[in-house]
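**Student:** below are the sequence and a predicted model; questions follow.
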Amino acid sequence: MIHDTTGKPFDHTAMFSTVFLESRYPEPDVLTKNTNMVYVRDNGVYIFPGSPATLFPGWDYGELDLPVQHVQYLGHRGTAVYYAAEMPSGTAVSVGTFYPNIRELYSVLSDDELAIASLAVRIVDFNRTTRFCGQCGAKTRPSRQERAKVCDACGLVTYPRTSPAIIVLVRKDDEILLARSPRFPPGLHSILAGFVDPAETLDEAVHREVREETGIEIANIRYLGSEPWPFPNSLMIGFVADYAGGEIAIDNNEIISAGWFDRDHLPDLPSRMSISRALIDWWIAEGTDRRA
Ligand SMILES: [Zn+2]
């Protein structure tokens, strides 16, 4: 559950937030009996039968004899320790099903396991892409103190990258601004979003994205909540803002159509797993509250 800092609740279960999982460094030296291993291959994971299906084969299958290349520490929860085991491309696991895209596991896994799956894929990718120092090219090693890679030759410390992106619900009276990207399925509309530029504040990014994509000026920007969006490494930061001027003028590049929609005439909306939909649902509920 996310709550904003002004005390106004924005109820949204962030699907990819491992809030329950703590990092603890140094990581345990030996794998304990309470070890949960996530099997990762490329950017996907293996899941195992259960209801719901699970990332963790447990002991039902005895010792799985799998060609594990690297084991990456993820964190712990109580006495249970979580690791990601990296498998070579093309590995088949007879008792498990490989999902190349964790996005497809929404509503297949529990929310907790979905979050762990996304963290495991991220951490395996981080390990794979930081084996050598980006500054001097020497081999790196994992830090024992924190989630990072250390270069002993030049001292550079490399952390997992997160790319901040803003997403904003723009309101005008009883309508909101929705737009279509050429990447969307036919009919689907969403609120505006975009990556934060280097050396830009979040407020500047919100103003710029709305102006660039629709020609609209906004005011009164307020933070509502955020969500890790691991496709591949965004952090979506959600805002609500009020219309302050301008006519819709689309760029026909990032946006192919845009318009104002009221609650009774909404187009197809993004899936419920996304923060964009959570923000729109928050606005719909706000209108229902007012009508009641
Ligand atoms: Zn170096």
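**Tutor:** Looks like it arrived, so ask away.
**Student:** quick one: low-confidence ranges for the stretch 151-292 of the chain?
**Tutor:** 290-292 (pLDDT under 70).
**Student:** just give me the residue right at the centre of the chain.
**Tutor:** W229 (1.5 Å; CA atoms, centre = their mean).
**Student:** that one pairs with what?
**Tutor:** Here W229 sits in beta bridges with S234, going by DSSP bridges.
**Student:** tell me where the stretch 1-150 of the chain has strands.
**Tutor:** Here the stretch 1-150 of the chain has its strands, by DSSP state E, counting those that start in this stretch, at 2-3, 9-10, 35-41, 44-47, 70-77, 80-87, 97-99, 141-142, 149-150.
**Student:** against A258, how distant is I191?
**Tutor:** 10 Å (CB to CB, to the nearest Å). In short, each C-beta sits where N, CA and C put it, glycine included.
**Student:** common neighbours of the two, please.
**Tutor:** L177, L178, A179 (CB atoms under 8 Å, 6 or more residues apart in numbering).
**Student:** for the closest residue to R211 other than its chain neighbours, the count of nearby residues, please.
**Tutor:** Distances taken as CB to CB, 6 or more residues apart in numbering put E217 closest to R211, at 6.6 Å, once the chain neighbours are dropped. E217 has 14 neighbours, counted by other CB atoms under 10 Å.
**Student:** and T158, what does it touch?
**Tutor:** Per CB under 8 Å, 6+ apart, neighbours of T158: T130, C133, G134, T140, A148, K149, V150, C151.
**Student:** mind doing that once more with 10 Å?
**Tutor:** Going by CB atoms under 10 Å, 6 or more residues apart in numbering, T158 touches F126, T129, T130, C133, G134, Q135, T140, S143, A148, K149, V150, C151.
**Student:** do D197 as well
**Tutor:** Counted by CB under 10 Å, 6+ apart, D197 has contacts P164, E204, A205, R208, E209.
**Student:** the second one should be in a helix, yeah?
**Tutor:** Yes. Inclusion of E204 in a helix is indicated when DSSP: H, G, I helix; E, B strand; the rest coil is applied.
**Student:** now do the buried residues in stretch 42-52.
**Tutor:** For stretch 42-52, the neighbour count (16 or more other CB atoms under 10 Å) marks D42, N43, G44, V45, Y46, I47, F48 as buried.
**Student:** contact residues of the stretch 151-292 of the chain facing the ion?
**Tutor:** C151, A153, C154, L156 (CB under 5 Å from the ion).
**Student:** could you flag which of these are buried?
**Tutor:** C151, L156.
**Student:** now for the residues of the stretch 151-292 of the chain next to the ion, which pair is the farthest apart?
**Tutor:** A153 and L156 (8.6 Å; CB to CB).
**Student:** mutual contacts of those two, please.
**Tutor:** C133, Q135, C136, A138, T140.
**Student:** mind checking how far the residue nearest to the first one when sequence neighbours are not counted is from V168?
**Tutor:** The shortest distance from C133 to any residue that is not its chain neighbour, by CB to CB, 6+ apart, is 3.8 Å, and that residue is C151. To V168, C151 is 39 Å away according to CB to CB.
**Student:** can you pull the contacts of E209?
**Tutor:** Contacts of E209 (CB under 10 Å, 6+ apart): A165, I166, I167, V168, L192, A193, G194, F195, V196, D197, I218, E254.
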